[in-house]
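[1] Provide a 3D model corresponding to the input given below.
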Amino acid sequence: MNLQLEGKVVVITGGGTGIGRGLAIEFLKEGAHVCILGRRMDPLKTLHDEMERDGYDLFYQTCDVTDRQTVQSYVDEVVARFGHLDVWINNAGVGNNKKFIDYTDEDFDQIFSVNLKAVFQCTQIAATVMMKQNKGVILNASSFNSKLAHANGVLYAATKAGVTSMTKSTAAALAPYGIRVLGYLPGMIVTPISEENVAKYKDKFIKDIALHRLGYPEDLAKPIVFLASDCASYMT
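    Residues are numbered from 1 along each chain as shown. Below you'll find the model as predicted:
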C-alpha cells in the first residue's frame, strides 16, 4: 500500500527515544520530511547521525514543549523552510511511579505541564497553521493507563485520561477545518521509560498480553504512520 507520505512535513515531540524514535524512522522510510523535538540533544543527534548514514535527512532541535513561545518559534521555522505542516505528533511525556501519598505539588505541576498542557498548546499552534491549509493531522499519545486504575501512577494516568478526552473534543472542534485528530493508547511497550517496570514484571506482562510477547516501538510505528496518511482520511 502506498501511504503517499512522500514530501509530507511531520513534527514529532519526544522524537529522540522510544516510540517517538520509532515513528521518526518509519516516517523517513515513507519519504516524509521529519523534524524531531526533545529535551536532550544527545539522543536527537544520535538518531540524526544514524539516519544520515542510511541516507535520510532528519531535522532535529532541542525544545521545551511546555514553553509556548519556543514551540511557536520552531513551527515558524518549519513553515518557513517547507511552506507547510502536514502532521504533528504530541508524543512527549513524563511520569513517575510513586505512592499516592508521596506525590508533591512539584510532581503534579511537571507531569500535568508536559503530558496535558503541552499537548493543548502544541495542538493550538499546529492547528493554527493547518487551518490556513484546510488540512492536517494531529496525533496524540495517550496510554492504556488512561483506562485503568493505576495505583502507583495516579498523576500519569490522570493526564493520559485527559489527553484521551481532549483528543475526542479537539477532533470535533477541528473537523470543520479539514484537520483530523487521533490518539493512540500504547500498552506495555519496551522503551527507556518502561525498562524498570519491564525488568520487574516481564513475565506477568507477557502472560497478560494476548500475543504473549512484549511490544516495541516498531510495533506501533506502522499503524500510527497509517493513521497519519491519506489512507485514513475518513478517520478522526
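[2] Going by C-alpha atoms from here, please, whenever you check contacts or count neighbours.
    Fine.
[3] can you map out the helices along the protein?
    Secondary structure of the chain by DSSP state H: the helices cover 18-29, 41-53, 68-82, 105-112, 118-133, 154-174, 195-208, 217-228.
[4] what's next to the worst-scoring helix or strand of the chain on mean pLDDT, contact-wise?
    Lowest on mean pLDDT, DSSP states H and E among the helices and strands of the chain sits helix 195-208, with a mean of 80. For helix 195-208, the surrounding residues in contact (CA atoms under 8 Å, 6 or more residues apart in numbering) are 188, 190, 212-214.
[5] which one of these is nearest residue 82?
    Checking the contacts of helix 195-208 against residue 82 with CA to CA, the nearest one is residue 190 at 33.4 Å.
[6] so what's the closest one up against?
    Here residue 190 is in contact with 18, 198, 214-217 (CA under 8 Å, 6+ apart).
[7] What's the per-residue pLDDT of the residue most central in space within the chain here?
    Nearest to the geometric centre of the chain sits residue 91, at 1.7 Å (CA atoms, centre = their mean). pLDDT for residue 91: 98.
[8] Residue 97 - how many residues pack around it?
    Counted with other CA atoms under 10 Å, residues neighbouring residue 97 total 15.
[9] what's near enough to touch it?
    By CA under 8 Å, 6+ apart, the neighbours of residue 97 are 152-153.
[10] Could you give the backbone dihedrals for it?
    Torsion angles at residue 97 (phi, psi; degrees, to the nearest 10) stand at phi -90, psi 120.
[11] From residue 88, how far off is residue 13?
    Distance, residue 13 to residue 88, by CA to CA, to the nearest Å: 8 Å.
[12] cool, residue 29 as well?
    Residue 29 sits 17 Å away from residue 88, going by CA to CA.
[13] Look at the two and report which has more neighbours.
    Using other CA under 10 Å as the criterion, residue 29 and residue 88 rank with residue 88 on top: 25 against 14.
[14] correct me, but the more buried one touches residue 12?
    Yes - Residue 88 lies in contact with residue 12 (CA atoms under 8 Å); the separation is 6.2 Å.
[15] Counting neighbours, what do you get for residue 96?
    Residues near residue 96, counting by other CA under 10 Å, number 14.
[16] Show the model's pLDDT score for it.
    So, for residue 96, pLDDT stands at 85.
[17] same check, this time on residue 1
    Note on residue 1: pLDDT of 69.
[18] what sits against the nearest residue to residue 16 once chain neighbours are set aside?
    Leaving out its chain neighbours, the residue that sits closest to residue 16 by CA to CA, 6 or more residues apart in numbering is residue 44, at 4.6 Å. Counting by CA under 8 Å, 6+ apart, residue 44 makes contact with 15-17, 36-38, 60-62.
[19] what's the spacing between residue 44 and residue 155?
    Residue 44 is 27 Å from residue 155, by CA to CA.
[20] Also residue 51?
    The value you get for residue 51 to residue 155, if CA to CA is used, is 35 Å.
[21] Between those two, which is the more surrounded one?
    Ranked by neighbour count (other CA under 10 Å), residue 51 and residue 155 place residue 155 first, with 24 against 17.
[22] Which residues lie in contact with the more buried one in this structure?
    Counted by CA under 8 Å, 6+ apart, residue 155 has contacts 95, 108, 111-112.
[23] Where does pLDDT dip in the protein?
    The model of the chain has pLDDT under 70 over residues 1.
[24] Go again with 90.
    Applying pLDDT under 90 to the chain flags the ranges 1-2, 95-97, 144-152, 187-211, 214-215.
[25] coming back round to it: the least confident helix or strand of the chain: how far from the chain's middle?
    23 Å (CA atoms, centre = their mean, to the nearest Å).
[26] Next: stretch 219-234.
    When C-alpha coordinates are averaged (CA atoms, centre = their mean), stretch 219-234 and its chain have centres 13 Å apart.
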